[in-house]
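Visitor: Need coordinates for the following:
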Amino acid sequence: MRCWENIHRMWQAEAHARTILFREETRWPGYYFRADTPTMKEEWKVFANCKVDLKTGEWQIIKRPIYSIY
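Guide: The predicted model follows:
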């Protein structure tokens, strides 16, 4: 069980790093800040979803819209 947890954490960390590199701007205050792009762009107020094909090792990152329900 502990080995599986570590493998899962490794995949989660890589997915997180890839989504940070995919984004081109600062995230909401307190999350992370990019000195080269200090403000949020309106077109980047989206979710960044990623998935990996285990057979090829290829990652796919997709922008998904955020829907406000209030």
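
Visitor: Is Ile69 part of a helix or strand, or is it coil?
Guide: coil (DSSP: H, G, I helix; E, B strand; the rest coil).

Visitor: so how many other residues sit close to it?
Guide: 3 (other CB atoms under 10 Å). (C-beta placed from N, C-alpha, C; glycine too.)

Visitor: Equivalent analysis for Phe22, please.
Guide: There are 13 residues near Phe22, going by other CB under 10 Å.

Visitor: how far away is the spatially most central residue of the chain from Glu25?
Guide: Nearest residue to the geometric centre of the chain (CA atoms, centre = their mean): Thr19, 2.8 Å. To Glu25, Thr19 is 13 Å away according to CB to CB, to the nearest Å.

Visitor: what's the answer for Met40, then?
Guide: Met40 is 6 Å from Glu25, by CB to CB.

Visitor: Kindly report the same for Val46.
Guide: 11 Å.

Visitor: where does the closest residue to Trp44 other than its chain neighbours land in three-state SS?
Guide: Leaving aside its chain neighbours, Trp44 sits nearest to Glu25 (4.9 Å; criterion: CB to CB, 6 or more residues apart in numbering). At Glu25 the chain is in coil, as set by three-state DSSP.

Visitor: Now do the contacts for Glu25.
Guide: Arg34, Thr37, Thr39, Met40, Lys41, Trp44 (CB atoms under 8 Å, 6 or more residues apart in numbering).
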